[in-house]
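Asker: got a predicted model here, sequence first, then my questions.
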Amino acid sequence: MLINLKKCGKLAAITVNSETMMSAHDQNHQINNDKNNENTTHFGFQTVEKKEKESKVASVFHSVAQQYDVMNDLMSFGIHRLWKRFTIDASGVRPGNKVLDLAGGTGDLTAKFSQLVGREGKVILADINSSMLNVGRDKLRDRGLVQNIEYVQANAQYLPFEDNTFDVITIAFGLRNVTDKDMALRSMYRVLKPGGRLLVLEFSKPEHELVNKAYDFYSFNILPKMGELVAKDGDSYQYLAESIRMHPDQETLKAMMDSAGFEQTSFKNLTGGVVALHKGYKF
Amino acid sequence: MTSTLSQQLMFAQALSAMLETLINQFLRYNLYGTKALKPLSEKTLTVKLAELPFPLSFTISHEKVHVTASDTHNDCCLITSISTLIEFKKDQQLTDLIKNDKLDIQGDLKVAQRFAEIAQSLDIDWQSELAKRIGDIPTYKLGQLGRQLLNKFNFARQQIQADASEWLVHEKRLTVTTAELSYFSQDVADVKQQVGALSQRIDDLIQQPSKIS
């Protein structure tokens, strides 16, 4: 059961077991722990200072940027292209729309959106990481996609756009790397136009135990070795596997989107729940 | 919140990706290039086929065709089946198809017709494309072999058809010969004529007493 407490103008969420309700003392203890935890977060399975996570994630993506597309194809056996297509099909994007492809990296979604929104529309490819943004910009320009794309280096928690700017916001495989996910979701809500929608494509929790075990084996035994062989960086892919496990599951992320203000939130599991597409509207 | 199996397997996305690659490869090899796409720039045609549980939208942008499995926006929407879609290029049949509820068109018909024109105007010199990759002589030999195989296939097909018809008509007598069918049709026509004449005579006879009175 999730309880939202309004303190110091911020929303804090604590998990409470409904069968064994906590005493007032336990609750105070929990709140104190939360205050201590306010400055820490996770980086894979490690607990790190919040300010430290940003630089650690940045170094991971600086390291893998050049090999990012090749590794994506290898790791997912090319299925990431279908996951992204599913996101585009679900976005309901139309000519003239303004789209924000957040944590857009090497620009897979931006490329498709740019062609669907047409000359009247606009796509902003935003990423916190300059290396990823450079790789994405070079790739899109080489494909002749220059007319309606802008590039912005931005932190999802502090989006540098005016309120009610975008018709569609997508964040594909990026939210789990964000330090404060709740803050990022609120920031996305702010810049979304009324009637606009947010689509979060992210690794999630497989629905079946057997798939979960096979996925665990693949993630922790094969993935880092592939990273070592192809990208010469096993540690970054070890982080990838760990960060996926630390990311909120389908229902938790949906609740987080609800808390941020999104309405009609829903999710669709893809490939047995290995990946989930969450969708929410701002009205 | 669980998704259906086809959704989880993303069949729609796999099909749209495959179609997109195929169409754009065909356009790349087209002798007239992608010029034909220009008048349709930023236009979308959605096709809802009875055989598929999802729509397919074809958008033209940047001299390419983009295929999506959604119908959020379109300039023209065709609701039909695969067999009807093949007949769509024949203009004179369009009205019949609509009348027979085989085709429903929503939006700008010209967009659909232009898409059909592009499909008809595709002219690909496969031999020249193949020669670029494997050389002139192997392409020539391969073409010769292909033609021979095609001729043999057509001959075998005709032979099988003739044999099957022979077997059904004469051996098993499961169906009638063309001559028998013709005689039967003629008999039916004669009976129809006789019934018509008889009906006319009955009408005359019914009206006769009233004329006398």
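Answerer: It's in.

Asker: check the secondary structure at the residue nearest to A:N97 when sequence neighbours are not counted for me.
Answerer: Nearest residue to A:N97, sequence neighbours excluded (Cβ to Cβ, 6 or more residues apart in numbering or on different chains): A:D167, at 4.1 Å. For the C-beta atoms, the positions are set from N, CA and C on the backbone; glycine is no exception. Three-state call for A:D167 (DSSP: H, G, I helix; E, B strand; the rest coil): strand.

Asker: where does chain B have low pLDDT?
Answerer: B:1-9, B:33, B:87-93, B:210-213 (pLDDT under 70).

Asker: which residue is nearest the centroid of it?
Answerer: Nearest residue to the geometric centre of chain B (Cα atoms, centre = their mean): B:I86, 1.9 Å.

Asker: so which strand or helix has that residue?
Answerer: Assessed by DSSP states H and E, B:I86 sits inside helix B:82-87.

Asker: give the contact list for the nearest residue to B:M10 once chain neighbours are set aside.
Answerer: Sequence neighbours aside, A:L82 is the residue nearest to B:M10 in space, at 4.3 Å (criterion: Cβ to Cβ, 6+ apart). By Cβ atoms under 8 Å, 6 or more residues apart in numbering or on different chains, the residues touching A:L82 are A:270, B:10, B:13-14, B:17.

Asker: rewinding a little: buried residues, the helix holding B:I86. List them.
Answerer: Residues B:84-85 are the ones in helix B:82-87 that count as buried (16 or more other Cβ atoms under 10 Å in any protein chain shown).

Asker: render the CA-only coordinates of that helix in PDB, please.
Answerer: Output in PDB follows, covering the C-alpha atoms of helix B:82-87 (Å, rounded to 0.1, in the frame of the first residue of the first chain):
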ATOM      1  CA  ILE B  82      -6.900  -8.500 -49.500                       C
ATOM      2  CA  SER B  83      -8.700 -10.000 -52.600                       C
ATOM      3  CA  THR B  84     -10.700  -6.700 -53.100                       C
ATOM      4  CA  LEU B  85      -7.600  -4.700 -52.700                       C
ATOM      5  CA  ILE B  86      -6.100  -6.500 -55.700                       C
ATOM      6  CA  GLU B  87      -9.100  -5.400 -57.800                       C
END
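
Asker: packing partners of it?
Answerer: strand B:44-49, helix B:91-99 (3 or more Cβ pairs under 8 Å, 6 or more residues apart in numbering or on different chains; DSSP states H and E).

Asker: can you list the residues that contact whichever helix or strand comes after the shortest one?
Answerer: Tracing the chain C-terminally past strand B:44-49 and defining elements by DSSP H and E, one meets strand B:56-61 next. Defining contact as Cβ under 8 Å, 6+ apart, one finds that strand B:56-61 is touched by A:115-116, A:118, B:15-16, B:19, B:23, B:37, B:40-49, B:65-71, B:73-74, B:115.

Asker: point me to the residue of the stretch 151-283 of chain A nearest chain B.
Answerer: A:K268 (4.7 Å; Cβ to the nearest Cβ).

Asker: off-centre distance for the helix ranked longest in chain B?
Answerer: Using DSSP state H to define each element, chain B has its longest helix at helix B:178-212. Here helix B:178-212 is found 41 Å from its chain centre; the criterion is Cα atoms, centre = their mean, to the nearest Å.

Asker: ok, stretch B:165-179 next?
Answerer: 30 Å.

Asker: endpoints of that stretch, how far apart?
Answerer: End-to-end distance of stretch B:165-179 (Cα to Cα, to the nearest Å): 14 Å.

Asker: got it, and stretch A:90-101?
Answerer: 14 Å.

Asker: tell me which of the helices and strands packed on helix B:82-87 sits most buried.
Answerer: Ranked by mean neighbour count under mean count of other Cβ atoms under 10 Å in any protein chain shown, the helices and strands packed on helix B:82-87 are led by strand B:44-49, which reaches a mean of 22.

Asker: quick one, the helix or strand in which B:I137 is found and helix B:178-212 angle?
Answerer: In this assignment (DSSP H and E), B:I137 forms part of helix B:136-166. Per axes from the mean of the first three to the mean of the last three Cα atoms, to 10 degrees, the angle that helix B:136-166 makes with helix B:178-212 is 50 degrees.

Asker: which other helices and strands contact helix B:136-166?
Answerer: helix B:126-134.

Asker: packing partners of the helix it packs on?
Answerer: Against helix B:126-134 (3+ Cβ pairs under 8 Å, 6+ apart) you get helix B:136-166.

Asker: check which residues of the helix it packs on are buried.
Answerer: In helix B:136-166, counting by 16+ other Cβ under 10 Å, buried: B:T139.

Asker: following element in sequence after the helix or strand hosting A:I88, please.
Answerer: For A:I88, the element it lies in under DSSP H and E is helix A:79-91. Using DSSP H and E, the helix or strand that follows helix A:79-91 towards the C-terminus is strand A:98-102.

Asker: now that following strand against helix A:79-91, angle please.
Answerer: Using the same axes, to 10 degrees: strand A:98-102 against helix A:79-91 is 150 degrees.

Asker: partner strands of strand A:98-102, parallel or antiparallel?
Answerer: As defined by DSSP bridges, the strand partners of strand A:98-102 come to strand A:122-127 (parallel), strand A:166-172 (parallel).

Asker: right, so of those, which gets closest to A:P160?
Answerer: Of all the strands paired with strand A:98-102, strand A:122-127 sits nearest to A:P160, with 8.7 Å by Cβ to Cβ.

Asker: whichever helix or strand comes after that closest one vs strand A:98-102, what angle?
Answerer: The helix or strand immediately downstream of strand A:122-127 is helix A:130-142, counting by DSSP H and E. Angle of helix A:130-142 versus strand A:98-102, following the same axes, to 10 degrees, is 140 degrees.

Asker: which elements pack onto helix A:130-142?
Answerer: helix A:50-64, helix A:68-76, helix A:108-117, strand A:122-127, strand A:149-153.

Asker: the shortest one packs against which elements?
Answerer: Right, strand A:149-153. strand A:122-127, helix A:130-142.

Asker: any idea which of those is most buried?
Answerer: Counting by mean count of other Cβ under 10 Å, the most buried of the helices and strands packed on strand A:149-153 turns out to be strand A:122-127, with a mean of 26.
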